[in-house]
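> Please work out how this folds:
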Amino acid sequence: MEKSSCPVCEKISKSIRSAKIRNGNTLALSASEKNELAAIYAEAKRLTLETGVEHHVDHIRPLAAGGVHHPRNVRVVTAKENLSKGSSHNGKRRKYSWREKRDLRKQFVSDLESERVKSLRAADRGLDRWSIAILSLIGAIIIFAAFGSF
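Predicted coordinates:
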C-alpha cells in the first residue's frame, strides 16, 4: 500500500484498523460492492491528484462507533474534515459500548438485506412482465397465423 502524503495519516496505526475489521466491522461483499468500494477509493485518489488537497475515504459511521466497511457507509472527504471528525458520530466520541456497536451492525445488515430482497423482488416482477409481454406477442402471432391461413 502506498504511503499517504499526509503526515498525520501516516501516524494512524494500520494494525488497529485491521483488528477492527477482523472483529466484525466488515461484511461479506458482493463483486459489485467490492467494485463500488474500489471506485470510491479511486475517486479519493483522483481528487487528491487533481486538487492537490489530500482526500480520504471516510466511514460515515466510524468503525469505532459500530460502522461497517461497506460502500453504503463510506464517502470521499478532505483529510482535514476526516481527521477532525475522528470517531465521533451523532455527538458521541469514543464512548460506544460493545452492545451498541453490535446492535448497530445488526441493524445495518438487516437494512441492507431488506433492500437486497426488495431489489430482487422488483427484478422478479420485471421478469414476469417481460415474460407476459413475450407470451402475449407469441399468442398474437399464432392467432394471426391461424386466421391468416383461411
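> following the lowest-mean-pLDDT helix or strand in the chain, which helix or strand shows up next?
In the chain, no helix or strand scores lower on mean pLDDT, DSSP states H and E than helix 14-20, which sits at a mean of 57. Toward the C-terminus, helix 14-20 is succeeded by helix 31-51 as the next helix or strand (DSSP states H and E).
> Helices along this structure, start to end?
Listed from the start of the chain, the chain has helices (DSSP state H) covering 7-11, 14-20, 31-51, 79-85, 98-148.
> Send me the third one as PDB with only the CA atoms.
In this case it means helix 31-51. Listed next in PDB are the C-alpha coordinates belonging to helix 31-51 (Å, rounded to 0.1, in the frame of the first residue of the first chain):
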ATOM      1  CA  ALA A  31     -18.400  -8.400  -6.500                       C
ATOM      2  CA  SER A  32     -20.400  -5.200  -7.300                       C
ATOM      3  CA  GLU A  33     -19.900  -3.900  -3.800                       C
ATOM      4  CA  LYS A  34     -16.200  -4.500  -4.000                       C
ATOM      5  CA  ASN A  35     -16.200  -2.600  -7.300                       C
ATOM      6  CA  GLU A  36     -18.100   0.200  -5.700                       C
ATOM      7  CA  LEU A  37     -15.500   0.400  -2.900                       C
ATOM      8  CA  ALA A  38     -12.600   0.400  -5.400                       C
ATOM      9  CA  ALA A  39     -14.300   3.200  -7.300                       C
ATOM     10  CA  ILE A  40     -14.700   5.300  -4.200                       C
ATOM     11  CA  TYR A  41     -11.000   4.800  -3.300                       C
ATOM     12  CA  ALA A  42     -10.000   5.700  -6.900                       C
ATOM     13  CA  GLU A  43     -12.200   8.800  -6.600                       C
ATOM     14  CA  ALA A  44     -10.400   9.900  -3.400                       C
ATOM     15  CA  LYS A  45      -7.000   9.400  -5.100                       C
ATOM     16  CA  ARG A  46      -8.200  11.200  -8.300                       C
ATOM     17  CA  LEU A  47      -9.400  14.200  -6.300                       C
ATOM     18  CA  THR A  48      -6.100  14.300  -4.300                       C
ATOM     19  CA  LEU A  49      -4.100  14.400  -7.500                       C
ATOM     20  CA  GLU A  50      -6.500  16.900  -9.300                       C
ATOM     21  CA  THR A  51      -6.800  19.400  -6.400                       C
END
